[in-house]
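K.L.:
turn this into a structure:
(one chain, ligands or ions: 2)
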Amino acid sequence: MKDQYIMGIETSCDETAVAIVKNGREIVSNIVASQIDSHKRFGGVVPEIASRHHVEAITLVLEEALQEAGLAYSDIDGIAVTEGPGLVGALLIGVNAAKAVAFAHDIPLLGVHHIAGHIYANRLITEMKFPLIALVVSGGHTELVYMKEHGSFEVLGETRDDAAGEAYDKVARTLNLPYPGGPHIDRLAHEGEPTIAFPRAWLEEDSYDFSFSGLKSSVINTLHNAEQRGEKLSPQEIAASFQSSVIDVLVTKTVKATEQYGVKQVLLAGGVAANKGLRTALQEAYSQMEDVELVIPPLSLCTDNAAMIAAVGSVMFEKGKRSAYDLNANPGLDIENE
Ligand code: KG4
Ligand code: ZN
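P.N.:
Residues are numbered from 1 along each chain as shown. Ligands and ions are numbered 1, 2, ... in the order given. Next up is the predicted model:
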């Protein structure tokens, strides 16, 4: 059978990324141009700056992805692109680049949901086994997603306020750590003990929803109160205590959903999946469960990339799904109606 090559394009936030994936599972090229350095001095992503960088980078990144793969557009079977959610001005650059390339070379166009992409990053590691649940933890999202088959997404629970990554970034900012703060908190957490009992939002008994704004406020208040008393709290202890609260809730709810839904696989996804504490806690929790496979992607596939978008595109392509040329950026795209 002829090999299938899908090109993925991702520009939903602050990475301009293009990748080519062979037969849905094998990465042949994966280019990520990060803009983090341009946003660092503002302490977060500035949408207007993000769009400008995407415009500058996209053509070069497209060329580089083809070059690294040793392929031409005539070899590509489908162009998959993140249509949402994300920053609208940033998404538009990827969507328009994808449409231009698809039209010029007469290649099918495939609009992809960014979170579906994060989940499918796992398919670049191992085959997916259904039913499964995915714990998606990124800068913009915290969700537990149930999948009974390819392309079917049921959101069991999601954050009611801040995403896990957002809470990490805000707490990091209060501790005067650089953006993005997640990796810095993670590092500090391993140098201290969780001595402070920060709150854990369990919500209602049977809820798979999350809430991190109470925790975030509690950390910030603790720091401010100490400051007013002229005391200096140890950043290591703050980081360790904050991280232990986040991980406790994430792991407990994921394990509960695993048991309730009798899934074969649990996938970890999103930028916060790079967190060492979370990875270790999940590995410990699942080491006892013999009939459930825990899959944790390597760090490079946890943060935004286009290989994960191509991986979703591959499944859509096989299912005969196609997007029309009126495909538009959709910042509020719903994963359940994918
Ligand atoms: O998935 P992602 O690359 O972008 C979004 O789609 O949001 O996630 C970025 C988020 C940031 O909030 C960053 O602080 C967080 O992932 N992050 C981490 C770690 N590495 C990245 N959070 C905690 N621990 C880490 N090691
Ligand atoms: Zn993401």
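
K.L.:
and the residue of the stretch 101-250 of the chain that's closest to ligand 1?
P.N.:
At 2.2 Å from ligand 1, Gly182 is the closest residue in the stretch 101-250 of the chain, using C-beta to the nearest ligand atom. Just so you know, the C-beta spots here come from the backbone N, C-alpha and C atoms, and that holds for glycine as well.

K.L.:
what sits against that residue?
P.N.:
The neighbours of Gly182, taking C-beta atoms under 8 Å, 6 or more residues apart in numbering as the test, are 165, 168-169, 172, 271-272, 274-275.

K.L.:
same deal with Leu203?
P.N.:
By C-beta under 8 Å, 6+ apart, the contact set of Leu203 is 160, 209-211.

K.L.:
from the residues you listed, keep the buried residues only.
P.N.:
Neighbour counting with 16 or more other C-beta atoms under 10 Å marks 209-211 as buried within these.

K.L.:
returning to what we had before: of the contacts of Leu203, which is the nearest to ligand 2?
P.N.:
Phe210 (16.7 Å; C-beta to the ion).

K.L.:
give the bridge partners for the closest one, please.
P.N.:
Beta-bridge pairing for Phe210 (DSSP bridges): Thr159.

K.L.:
do you know how far it is from Gly313?
P.N.:
The spacing between Phe210 and Gly313, counted by C-beta to C-beta, to the nearest Å, is 29 Å.

K.L.:
same check on Trp202?
P.N.:
Plainly put, Trp202 is 37 Å away from Gly313 if you go by C-beta to C-beta.

K.L.:
between those two, point out the one with more neighbours.
P.N.:
Set Trp202 next to Gly313 and count neighbours by other C-beta atoms under 10 Å: Gly313 wins out with 33 against 14.

K.L.:
which non-adjacent residue is nearest the more buried one?
P.N.:
Leaving out its chain neighbours, the residue that sits closest to Gly313 by C-beta to C-beta, 6 or more residues apart in numbering is Ala80, at 2.5 Å.

K.L.:
stretch 76-96 close to ligand 2?
P.N.:
No. Judged by C-beta under 5 Å from the ion, stretch 76-96 stays clear of ligand 2, getting no closer than 8.0 Å.

K.L.:
CA-only coordinates of that stretch in CSV, if you can.
P.N.:
Taking C-alpha atoms only, stretch 76-96 is exported to CSV below (Å, rounded to 0.1, in the frame of the first residue of the first chain):
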residue,chain,number,x,y,z
ILE,A,76,1.7,15.2,0.5
ASP,A,77,-1.8,13.6,0.8
GLY,A,78,-3.3,16.1,3.2
ILE,A,79,-2.7,19.5,4.9
ALA,A,80,-3.9,19.5,8.5
VAL,A,81,-4.1,22.8,10.3
THR,A,82,-5.2,23.9,13.8
GLU,A,83,-8.4,25.8,13.3
GLY,A,84,-9.0,26.4,17.1
PRO,A,85,-9.1,27.0,19.9
GLY,A,86,-6.3,29.6,20.3
LEU,A,87,-5.6,33.3,19.6
VAL,A,88,-7.6,34.3,16.6
GLY,A,89,-5.0,36.4,15.0
ALA,A,90,-2.4,33.6,15.4
LEU,A,91,-4.7,30.9,14.2
LEU,A,92,-5.5,32.9,11.1
ILE,A,93,-1.9,32.8,9.8
GLY,A,94,-1.8,29.0,9.9
VAL,A,95,-5.3,28.5,8.5
ASN,A,96,-4.6,30.9,5.6
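
K.L.:
could you give me the average pLDDT of whichever strand or helix holds Ala17?
P.N.:
If you go by DSSP states H and E, Ala17 is part of strand 15-22. Averaging pLDDT along strand 15-22 gives 96.
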